[in-house]
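Participant: give me coordinates for this.
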Amino acid sequence: MSNPSTENMSSGGATADNTASRAPIEHSLLKKGGADVSLLTAYRKVEKRMGGQLKGHLMNVVGAELAVELAQNDATPYTGWLDAQDASAVYLEYHSGIAGPQIWVRISRLFLTGCVDCFFGGQFDGQSCAEGKLTRSEVGMIERLAQAIGDCLTESWSVLLEANFRYAGYCFDKDDLEMELDDPNIIVSSTRIALSGHAVHAIDFMQSVDGLLSIEPQLNRHVSREIDQVDPVWKRSMKESFDQVYMPVRSVLARPIMDLSQLSKLAVGDILPVSPTDNVPLIVGDRVFAYGSIGEQNGGVAFKIKQFL
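Facilitator: Numbering: from 1, shown residues only. Below is the predicted model of the structure:
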C-alpha cells in the first residue's frame, strides 16, 4: 500500500502545478461555532460509547480484567500523525458499506504482546514487547481482536446510524496505510488500556474528516425501526431468488466402524446390519436440520420428520 498524501507531495511537474492552482478545501467542521460543529458533536457520542463497548469486547477476547480510558482528540494532519508513529504496531482496516466511512485502527505491538500473554494464562508486565516478524500467536490474536473491534465499531456507531463495519485486513508497516483524503485531516481517538495493572497506549481509532462529512446526509434523516417498511419489490425479489437455491439433503441411517481387515474382506452381496432407530438425522448441507424415522410410503422408503432443530 502507498500513502496518497505523500505521493501527491512528491509528484513532479504538472501535478505540482495543478495542486498549486487548486483552491484549498474548506469546511466548517472543526471551526468553533461553524455550521458543521454539530457533526463533530455527534461523533463525540460515538467515542463516548466506544469506551464502554471496547472494554467488554476486549475482556471477552483476552480473558482478563482491564480498564479502558479513551481520550478525545481534535483533527490532526494525517501525514504528521503518521510520521510520529515510531513504535511497532499493526494497523487494521475497516469499511462500512460502499460509501461509508473508512476507519483504520492502530494496535501497539506492546499491547498486542500483553494480550497474547494474558490469553495464554500469563501476566503482562507492561514492558516486554515481541520483536521482528509477527508470531503465529500474534497473528491469531490480531484476528480475534479484529472481530471484537469490528463489533465495537458497529455498536458504537449505532448511536448515529445503522452501519456494519467489515474488517478488511491489516498491515504491519505504517507506510502501507492507504487513506484516500480530500481533506488532509483525520480525527484520532486514542486509548490507554490497563492490562494486568499496567496502563499503556494501546489502540488508536483513525477517522477521516472526509468520512464524517460523507455520512452527514444520513444523520439528517429520521430513522425509526418500528415505522420503516421493507421495500416490497426488494423483498419479493429476494424471496424469488432464495426460492431458486438448491440445497443437498440427506439422512444417515448408521455410521458403522470397521477395521482394515474387515474392510478388506467385504464382497458384493455382503449385508451390513443397521439397527432400527427413531432418531435419524436429516442433514442439509453439512448441518443437522431435523430428526425423524425411516418408514415406507407408496412402496418406497420415506423419511418422517419428528423434530426440527
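Participant: so, low pLDDT: which residues of the chain?
Facilitator: Along the chain, the model assigns pLDDT under 70 to residues 1-38, 72-74, 97-101, 216-234.
Participant: break down it into its helices, ranges please.
Facilitator: Along the chain, counting by DSSP state H, helices occupy 4-10, 14-21, 37-62, 78-83, 109-119, 136-157, 209-214, 216-219, 232-243, 260-264.
Participant: relative to Met141, how far out is the nearest residue to Leu70 once chain neighbours are set aside?
Facilitator: Distance criterion C-beta to C-beta, 6 or more residues apart in numbering; nearest residue to Leu70, sequence neighbours excluded, is Gly51 at 4.0 Å. For glycine as for every other residue, the C-beta is placed from the backbone atoms N, C-alpha and C. From Gly51 across to Met141, the span is 21 Å (C-beta to C-beta, to the nearest Å).
Participant: likewise for His201?
Facilitator: From His201 to Met141 the distance is 18 Å (C-beta to C-beta).
Participant: looking at those two, which one has more neighbours?
Facilitator: Shown here are His201 and Met141; by other C-beta atoms under 10 Å, Met141 has more neighbours (25 against 16).
Participant: about what we covered before: is it true that the residue nearest to Leu70 touches Thr191?
Facilitator: Yes - using C-beta atoms under 8 Å, Gly51 is in contact with Thr191, at 7.5 Å.
Participant: ok, these two, which is more surrounded?
Facilitator: Neighbours were counted for Gly51 and for Thr191 using other C-beta under 10 Å; Thr191 has more, 22 against 16.
Participant: pull the contacting residues for that one.
Facilitator: 51, 54, 68-71, 201-205 (C-beta atoms under 8 Å, 6 or more residues apart in numbering).
Participant: do that again at 7 Å, thanks
Facilitator: 54, 68-70, 202-203 (C-beta atoms under 7 Å, 6 or more residues apart in numbering).
Participant: hey, what's it bridged with?
Facilitator: Beta-bridge partners recorded for Thr191 (DSSP bridges): Leu70, Ile203.
Participant: how much space between it and Ile203?
Facilitator: Distance from Thr191 to Ile203, by C-beta to C-beta: 5 Å.
Participant: what do you get for Arg44?
Facilitator: 18 Å.
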